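# sequence first, predicted model second:
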Amino acid sequence: QVQLVESGGGLVQAGGSLRLSCAASGRTFSSYATGWFRQASGKEREFVGAINWRGSSTYYADSVKGRFTISRDVAKNTVYLQMNSLKPEDTAIYYCAAGVTYPANRATEYEYWGQGTQVTVSS
């Protein structure tokens with residue numbers, strides 16, 4: 001069993017940065033890949049990016065490539081989403097998720113989910 005808790009969301013101006021954290025509990029978390037998804041109001045949940053269990057490989061949606069970076073601290077059981085050059089269209093609730101499949105960009109491929117953290121980018 002894995003429990004995930006996101007933090008770090010907030011309000012930021014366009015062009016600014018935020019770093020989200022996904023803290024995990026459960027001894028098996030280190031063997032899971034972690035994905036980040038987001039869901040804007042009235043829209044479907046969309047894939048943002050993912051990192052493998054070792055932290056040696058990442059991939060991203062085209063919409064965030066070059067602006068967002070995912071990293072992993074295995075010792076702290078935490079995955080980070082560094083978001084730079086934020087745009088108003090990045091406004092959404094951001095979720096982290098854990099799953100055994102990598103690469104995986106579909107929500108159905110992830111077994112465990114956090115509760116989400118709100119990111120709002122003002123223009």
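Thanks, I have it.
# C-alpha from now on. contacts and neighbour counts both.
Will do.
# would Ser30 count as being in a helix?
Yes - under DSSP: H, G, I helix; E, B strand; the rest coil, Ser30 falls within a helix.
# centroid residue for this protein?
For the chain, Trp36 is the residue whose C-alpha lies nearest the centre (C-alpha atoms, centre = their mean; 2.6 Å).
# give the contact list for it.
Going by C-alpha atoms under 8 Å, 6 or more residues apart in numbering, Trp36 touches Phe47, Val48, Gly49, Ala50, Leu81, Tyr94, Tyr95, Cys96, Ala97.
# let me have those residues in TSV, extended by secondary structure and neighbour count.
Output for those, formatted as TSV (DSSP: H, G, I helix; E, B strand; the rest coil; neighbours: other C-alpha atoms under 10 Å):
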residue	secondary structure	neighbour count
Phe47	strand	22
Val48	strand	24
Gly49	strand	25
Ala50	strand	29
Leu81	strand	23
Tyr94	strand	26
Tyr95	strand	27
Cys96	strand	30
Ala97	strand	27
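# residue boundaries of the helices in the chain?
With DSSP state H as the criterion, the chain has no helices.
# let me see the ranges of the strands in it.
3-7, 10-13, 18-25, 33-39, 46-51, 58-60, 68-73, 78-83, 92-99, 112-113, 117-122 (DSSP state E).
# and these: which comes nearest Arg106?
Nearest to Arg106, of all the strands of the chain, is strand 46-51, at 6.9 Å by C-alpha to C-alpha.
# neighbouring contacts of that closest one?
33-39, 57-61, 63-64, 70-72, 102-107.
# shouldn't Ala14 be in contact with Thr91?
No - Ala14 lies out of contact with Thr91 (C-alpha atoms under 8 Å); the separation is 10.2 Å.
# buried ones in stretch 77-92?
Asn77, Thr78, Val79, Tyr80, Leu81, Met83, Asn84, Leu86, Lys87, Asp90, Thr91, Ala92 (16 or more other C-alpha atoms under 10 Å).
# what of stretch 15-32?
Ser17, Leu18, Arg19, Leu20, Ser21, Cys22, Ala23, Ala24, Phe29, Ser30, Tyr32.
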